[in-house]
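Novice: Build the 3D model from these lines:
(2 chains)
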Protein chains: 2
Amino acid sequence: MTIHQDHETQTESSGERSVDAQLRRRALEVIPGGMYGHLNMAAMPADYPQYFESARGARVTDVDGREFVDLMCSWGPVILGHQRREVDEAFNRQMSLGDCLNGPSARMVELAERLVGAVSHAQWAMFEKNGTDATTLCVTIARAATGRSKVLVATGAYHGAAPWCTPVKSGVTLEDRANLAYYTYNDLDSVRAVLSEDVAAIMVSPFRHDAGFDQELVDPLFAQGLRDICDETGSALILDDVRCGFRLNFGSSWEPIGVQPDLSAWSKAIANGYPLAAVLGNDRFRAAAQSLFTTGSFWFASAAMAASLATLDVLEREDCVAHMVRMGDALRQGIEAQSLRHGIEVRQSGPSQMPFMSFVGDVDSKMAAQFASSALRHGLYLHPRHNWFVSAAFSDADLDLALSATDAAFSELRTTFV
Amino acid sequence: MTIHQDHETQTESSGERSVDAQLRRRALEVIPGGMYGHLNMAAMPADYPQYFESARGARVTDVDGREFVDLMCSWGPVILGHQRREVDEAFNRQMSLGDCLNGPSARMVELAERLVGAVSHAQWAMFEKNGTDATTLCVTIARAATGRSKVLVATGAYHGAAPWCTPVKSGVTLEDRANLAYYTYNDLDSVRAVLSEDVAAIMVSPFRHDAGFDQELVDPLFAQGLRDICDETGSALILDDVRCGFRLNFGSSWEPIGVQPDLSAWSKAIANGYPLAAVLGNDRFRAAAQSLFTTGSFWFASAAMAASLATLDVLEREDCVAHMVRMGDALRQGIEAQSLRHGIEVRQSGPSQMPFMSFVGDVDSKMAAQFASSALRHGLYLHPRHNWFVSAAFSDADLDLALSATDAAFSELRTTFV
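Specialist: The predicted structure is shown next:
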């Protein structure tokens, strides 16, 4: 395999002399710890690049010129593939007029109309920049509407990186978390156990996608049970669709199971990588949404909204969800066959277009780490402990290369662990 | 005046038939209240457009084709003028490689190095997307470093729109504000009065720029006093340079008075309108910054960072602060002369490149509203109750047009109020 040999050669000649290593050394001087957040590659397997040079379609290239088939999609934002023509043209067309003006352009109204048309529970839209902005705004709107304080979230769920929700509690005060209560995903009894008259909202992800664990699809009865509880208690049902939005369904992720949230948080894929977030809500929460002062320096900028309009058009016209499912299914089936052939037992979980794989008995994730490291050397970029993302640009050729990389990775894993 | 007549004609033919009115009507259906945040024009004088079409240099054009000389600069982000060639070229060059990748590109390290080089108190940098992200991160770092909770802020100061700081308390819980205490800007005694052993940080703006009030420059003794208090107590001094950064000085806004914060928050102008925020800090707070999990879907995107590098280059090379001061001074002197000539007494306050004007005796802001409305009809976009922003693209021709509009506005004001 040419790609295999190229990568081996580059890896051997890397270390201190690689561009990535040089950048990491420079970064240590001017960035705390050299990097932060989910992009910190310090705990990743050997050879994972920290810095990237470019991307196109379903391929990414790191600063040392290694090209990979991409199963991370920038951790979710890239849904149509990098540099998708229609999206970039819409972005550039708007840029030639103006982006960050003294107010929004018509693109804002058009996009709000488009989202309200596409998402069945939505009767209005608001825009922001980060997924965390959107989850935080949902919670604030629910509190304003109900006059209550508490928010129920699933233990271990990720809803953003603000003090009220970040998974690492450094710098977080007791008061930041004072109004949270925790339930267990897919367990209605655990929800009922923490209900009180002061519950403003129940926040929930479309499926359980906590990093480092096998994924768990939502039980439709659980989803409907949350809807019923919110109807009975007057709390808001908030669907955190930041990670899943438009990947599971063209529309809200729970439309296929017939459960409508009151408020939903969106970001990541809605503009194919251009920075944008949105909150969608129904009319019960319109007045509360209107009562807030929520803003920022850039949320109203037009070019990302133009990109979002184009992204939604392509997603709908080409039925991209179906393509992503098809490619995700094929990837999953290929991995399953390889797993059987190599005699290495794996668990594959979650929707096939947002797949997660773990190794049976791999308590310390060492097998996952070695597998990922091998796959990387063979030209496939995936994450050992976080769900992957299949983009609409993922082609048969990408699939073939991905599966040849996973096959080689299984092979190498067997020499170490079996 | 051609511009005057054009605008009059368009205004007469507007109302329901204007594009702006049509967009507002559509927006009412799909956006709570039709608009939100500081961009909501509902409370602005008649004829202020809600929607914009395009911009170039120091001119903005609304969706009905009215062109204005711009004194708002998108509320701060646009510092070099719209569509500044060097910035857009850097942005586009990066876009042709990739923007939102599986990690940052070398631009992130280059920009961190550039900011650490440009801002004297900075030994490291972190990036985000909103000004609120940056002020929140500063507070969280200060808490992580000190193990304390309380943050002192000036009464009436704006530090963002998250629940802990938004000026409108709808949906805000008591716990969101439990760790804030308030002092009076430029009053050290008021700071000492709220000191306690649990103070993690004192947050302060470079000058007092609360909306709706005359601006107040910082007393250097106050700034130094805050520095001394923080040194004595171990609290972090946080300078909120989101609005002023690179407008008052190429570097931290308090460098000219010799006072160094520990942490500073930046956004708005650092990438000439492209969405980016930053936190800069010194080594005392590096480990705490490293201990947090702070992240988002887009903060690491490369194109806005490339734009920021180009923005900083132009700002430094062309000494844009000096130009903005020069133009701001000329604008202020022109307005002062007009005020005397028309016999309408005004107060002008704040740095001249971020000027604010109010009318003596104008308790209900009616004079400010009519003045702004007149200026708008005469081709000048300014805000009646918020500081203005002079950009580096503001030319002698823009100044002439601005002053002819303010002259006409004074003239019209006299017919109503004098």
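Novice: Helix or strand: which one has residue A:410?
Specialist: helix A:396-417 (DSSP states H and E).
Novice: Residues contacting that helix, please?
Specialist: Contact with helix A:396-417 is made by A:1, A:3-4, A:57-59, A:69, A:71, A:327, A:330-331, A:334-335, A:338-339, A:341-344, A:366-367, A:370-372, A:374-375, A:378-380, as judged by C-beta atoms under 8 Å, 6 or more residues apart in numbering or on different chains. No exception for glycine: its C-beta is placed from N, CA and C like everyone else's.
Novice: go with 7 Å
Specialist: Residues outside helix A:396-417 that contact it (C-beta atoms under 7 Å, 6 or more residues apart in numbering or on different chains) are A:1, A:4, A:58, A:69, A:71, A:327, A:330-331, A:334-335, A:338-339, A:342, A:344, A:367, A:370-371, A:374-375, A:378-380.
Novice: Strand partners (parallel or antiparallel) of the helix or strand residue A:56 falls within?
Specialist: Element membership of residue A:56, judged by DSSP H and E, is strand A:52-56. Sheet pairing here is set by DSSP bridges, and for strand A:52-56 it gives strand A:59-62 (antiparallel).
Novice: Convert the strand it pairs with to CSV, retaining C-alpha atoms only.
Specialist: The C-alpha trace of strand A:59-62 is given here as CSV (Å, rounded to 0.1, in the frame of the first residue of the first chain):
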residue,chain,number,x,y,z
ARG,A,59,-9.8,14.0,3.2
VAL,A,60,-7.7,16.0,5.6
THR,A,61,-4.0,16.8,5.4
ASP,A,62,-1.8,17.5,8.4
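Novice: Next secondary structure element downstream of that strand?
Specialist: With DSSP H and E, the next secondary element past strand A:59-62 is strand A:67-70.
Novice: For stretch A:194-202, buried residues please.
Specialist: Residues of stretch A:194-202 classed as buried by neighbour count (16 or more other C-beta atoms under 10 Å in any protein chain shown): A:195, A:199, A:200, A:201, A:202.
Novice: Within its sheet, name the partner strands of the host helix or strand of the third one and how each one runs.
Specialist: When secondary structure is defined by DSSP H and E, residue A:200 falls within strand A:199-204. Under the criterion DSSP bridges, strand A:199-204 sits next to strand A:150-154 (parallel), strand A:236-240 (parallel) in its sheet.
Novice: residues from the stretch 101-250 of chain A in reach of chain B?
Specialist: Proximity of the stretch 101-250 of chain A to chain B (C-beta under 7 Å from any C-beta of the partner chain) is limited to residues A:101-106, A:109, A:112-113, A:116, A:124-126, A:129-132, A:136, A:140-141, A:143-144, A:149, A:161-163, A:166-168, A:170-171, A:173, A:175, A:178-179.
Novice: give me the low-pLDDT residue ranges for chain A?
Specialist: Where chain A drops to pLDDT under 70, the residues are A:1-16, A:418.
Novice: could you pull out the strands for it?
Specialist: A:52-56, A:59-62, A:67-70, A:124-128, A:150-154, A:180-183, A:199-204, A:236-240, A:263-266, A:277-281, A:346-349, A:356-359, A:380-381 (DSSP state E).
Novice: wait, residue A:71 sits on residue A:382?
Specialist: Yes - counting by C-beta atoms under 7 Å, residue A:71 touches residue A:382, with 4.3 Å between them.
Novice: which residues do the two both contact?
Specialist: Taking C-beta under 7 Å, 6+ apart as the criterion, residue A:71 and residue A:382 both touch residue A:388.
Novice: circling back: now the helix holding residue A:410: buried residues?
Specialist: A:398-399, A:401-410, A:412-413.
Novice: ok, which pair from the residues you listed is furthest apart?
Specialist: Pairwise distances among the buried residues of helix A:396-417 were taken by C-beta to C-beta; the largest, 22.0 Å, belongs to A:398 and A:413.
Novice: Centre-most residue in chain A?
Specialist: residue A:243 (3.2 Å; C-alpha atoms, centre = their mean).
Novice: now that residue, nearest residue through space, not along the chain?
Specialist: Take residue A:243 and drop its neighbours on the chain: the residue closest to it by C-beta to C-beta, 6 or more residues apart in numbering or on different chains is residue A:76, 5.5 Å away.
Novice: Counting neighbours, what do you get for the residue in the stretch 151-300 of chain A that chain B sits nearest to?
Specialist: Closest residue of the stretch 151-300 of chain A to chain B, C-beta to the nearest C-beta: residue A:295 (2.7 Å). Using other C-beta atoms under 10 Å in any protein chain shown, residue A:295 has 20 neighbouring residues.
Novice: Next up, the contacts around it.
Specialist: Counted by C-beta under 7 Å, 6+ apart, residue A:295 has contacts B:36, B:37, B:38, B:39, B:161.
Novice: what about the first one, distance to residue B:275?
Specialist: Just to be clear, that refers to residue B:36. From residue B:36 over to residue B:275 the distance is 18 Å, taken as C-beta to C-beta, to the nearest Å.
Novice: mind giving me the domain split of chain A?
Specialist: Using automatic domain parsing, the domain ranges for chain A come out as A:2-65+A:320-417, A:85-317.
Novice: so how far is the longest one off the chain centroid?
Specialist: It stands for domain A:85-317. 12 Å (C-alpha atoms, centre = their mean, to the nearest Å).
Novice: With the shortest one instead?
Specialist: Once both centres are worked out by C-alpha atoms, centre = their mean, domain A:2-65+A:320-417 turns out to sit 16 Å from its chain's centre.
Novice: Any idea how many residues pack against residue A:170?
Specialist: 18.
Novice: swap that for residue A:142, please
Specialist: Residues near residue A:142, counting by other C-beta under 10 Å: 30.
Novice: so it makes contact with residue A:199?
Specialist: No - Residue A:142 is beyond contact range of residue A:199, at 9.3 Å (criterion: C-beta under 7 Å).
Novice: how about the nearest residue to residue A:99, chain neighbours excluded?
Specialist: Using C-beta to C-beta, 6+ apart, the nearest residue to residue A:99 is residue A:303, at 4.3 Å.
Novice: any idea how far that neighbour lies from residue A:50?
Specialist: With C-beta to C-beta as the criterion, residue A:303 and residue A:50 are 28 Å apart.
Novice: residue boundaries of the helices in chain A?
Specialist: Along chain A, counting by DSSP state H, helices occupy A:2-12, A:19-30, A:85-97, A:106-118, A:131-146, A:174-177, A:188-193, A:220-233, A:286-291, A:302-317, A:320-342, A:366-377, A:396-417.
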